[in-house]
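1. test case, fold it:
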Amino acid sequence: MKKKWIFLIIILFCFSSCLDFNLPNVNGMWQLKTIQDENENIQTVDTIFYSFQRQAIFSYTILQEKENEAETSILIYGFIDFPDNDQLHIQLDEKQKNLAHLLIWEGKSDVTYNIVKLDSKKMVLFNDGKTYNFIKY
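-> Predicted structure coming up:
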């Protein structure tokens with residue numbers, strides 16, 4: 001009987017070590033609402049969405065309205081990583097790097113944000129003197 005318990009404990013330990021419970025939970029879709037620069041100028045945004053799945057996959061959606069046409073969207077995807085518990089690194093997929101000029105990252109194909117705030121309703125990211133405020137969509 002003791003051998004069964006020891007075997008069960010070892011299996012549970014192995015499975016739990018594969019999970020990343022300590023990583024920030026960014027999963028879901030987030031709508032970018034404002035960008036604030038170091039001079040406290042605020043730009044309102046409502047057409048950009050970040051989506052995260054399984055703590056690994058990223059998508060960037062831009063909604064665009066064109067005159068006399070229906071709303072269109074652009075979807076760009078990539079991958080995420082957490083260099084530190086308070087950092088979020090996003091990198092575009094190789095096939096998507098030619099679309100980097102469409103992103104708010106100033107043509108870069110990857111970006112690292114500092115996570116200022118993250119809860120079930122709000123996410124605040126900081127990069128290069130700018131604060132990005134998101135709400136859960």
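
2. what's the helix or strand hosting residue 113 packed up against?
-> Using DSSP states H and E, residue 113 sits within strand 110-118. Secondary-structure packing of strand 110-118 (3 or more CB pairs under 8 Å, 6 or more residues apart in numbering; DSSP states H and E): strand 87-92, strand 122-127. For glycine as for every other residue, the C-beta is placed from the backbone atoms N, C-alpha and C.

3. what mean pLDDT does the last one get?
-> Averaged across strand 122-127, pLDDT comes to 97.

4. and the following helix or strand past that strand with strand 110-118, angle?
-> Following strand 122-127 in sequence order, the next helix or strand is strand 130-136 (DSSP H and E). Counting by axes from the mean of the first three to the mean of the last three CA atoms, to 10 degrees, strand 130-136 points 60 degrees away from the direction of strand 110-118.

5. can you list the residues that contact strand 130-136?
-> Judged by CB atoms under 8 Å, 6 or more residues apart in numbering, the contacts made with strand 130-136 from elsewhere in the structure are 28-38, 50, 113, 116, 120-126.

6. alpha carbons only: can I get that strand in CSV?
-> Once non-C-alpha atoms are left out, strand 130-136 reads as follows in CSV (Å, rounded to 0.1, in the frame of the first residue of the first chain):
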residue,chain,number,x,y,z
LYS,A,130,4.3,54.5,-22.7
THR,A,131,1.6,53.0,-20.6
TYR,A,132,-1.0,50.8,-22.3
ASN,A,133,-4.4,50.3,-20.6
PHE,A,134,-6.5,47.3,-21.5
ILE,A,135,-9.8,46.0,-20.4
LYS,A,136,-11.0,42.4,-20.6
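
7. measure stretch 126-137 end to end?
-> Between the opening and closing residues of stretch 126-137 there is a gap of 20 Å (CA to CA, to the nearest Å).
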